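# Give me the fold of what follows.
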Amino acid sequence: MEDIFMAEQTLQSRTPNGMLSLAAIVSIEQFSRMNGLTGQKMQKIFRALVPESLYNDARNLVEYCCFRFLSRDNADLHPSLKEPAFQRLIFITMVAWENPYLEELVNASEKASFQVHFYHHLFAKPPIQ
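Here you go, the predicted model:
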């Protein structure tokens, strides 16, 4: 993912709520470039526009970068949505919104591991006859 979408990381990945996930970094940097800005510049603009409580949640920055690009076109269906590369970026953005921080990815994998273990524990025994 990093090789395909990100030439250079300019934004600060350390936030008050944790380190940004790779998906969040890729999404923010790519949409920033598509808006003619660097990720760092977009981050500064966002910080100046919103209250601190909104700024500190990385989901809001991911949404802002995407929305700022999509809102530039007044068409009912944005022309970029037809392009496979843009569709991948939208998918990465959805992943970034769901897991904007590295810690959440760790917690998600721990939860998945626990769920698999729990499932095997429940259903590993032969059915009662």
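
# Secondary structure element holding the residue nearest the centre of the chain?
Nearest to the geometric centre of the chain sits residue 96, at 1.4 Å (C-alpha atoms, centre = their mean). Assigned by DSSP states H and E, residue 96 belongs to helix 84-98.

# Now do that helix: which elements does it pack against?
If contacts are counted by 3 or more C-beta pairs under 8 Å, 6 or more residues apart in numbering; DSSP states H and E, helix 84-98 sits against helix 22-34, helix 58-70. Any C-beta I mention is one placed from the backbone N, CA and C, and that applies to glycine too.

# Residue 83: which of those helices is closest?
Proximity to residue 83 (C-beta to C-beta) singles out helix 22-34 among those, at 11.5 Å.

# Give me the angle between the closest one and helix 84-98.
Computed by axes from the mean of the first three to the mean of the last three C-alpha atoms, to 10 degrees, the angle separating helix 22-34 from helix 84-98 equals 130 degrees.

# by contact count, what packs against helix 22-34?
helix 2-5, helix 39-49, helix 58-70, helix 84-98.

# Show me the contact partners of the second one.
This means helix 39-49. Contacts with helix 39-49, where a contact means C-beta atoms under 8 Å, 6 or more residues apart in numbering, come from 9-12, 25, 28-29, 31-33, 35, 37, 55, 60-61, 64-65, 68.

# Could you pick out the buried ones from those?
Buried members of the contacts of helix 39-49, scored by 16 or more other C-beta atoms under 10 Å, are 9-11, 25, 28-29, 31-33, 35, 37, 55, 60-61, 64-65, 68.

# Quick check: closest non-adjacent residue to residue 8.
In this structure, residue 8 finds its nearest non-sequential neighbour in residue 29, 7.7 Å apart by C-beta to C-beta, 6 or more residues apart in numbering.

# I'd assumed residue 11 was in contact with the one you found.
Yes - between residue 29 and residue 11 there is a contact at 6.6 Å, judged by C-beta atoms under 8 Å.

# Disregarding residues adjacent in the polypeptide, which is nearest to residue 18?
residue 101 (3.9 Å).

# okay, now the one you found: neighbour count?
20 (other C-beta atoms under 10 Å).

# what's near enough to touch it?
15, 17, 18, 19, 20, 21, 24, 58.
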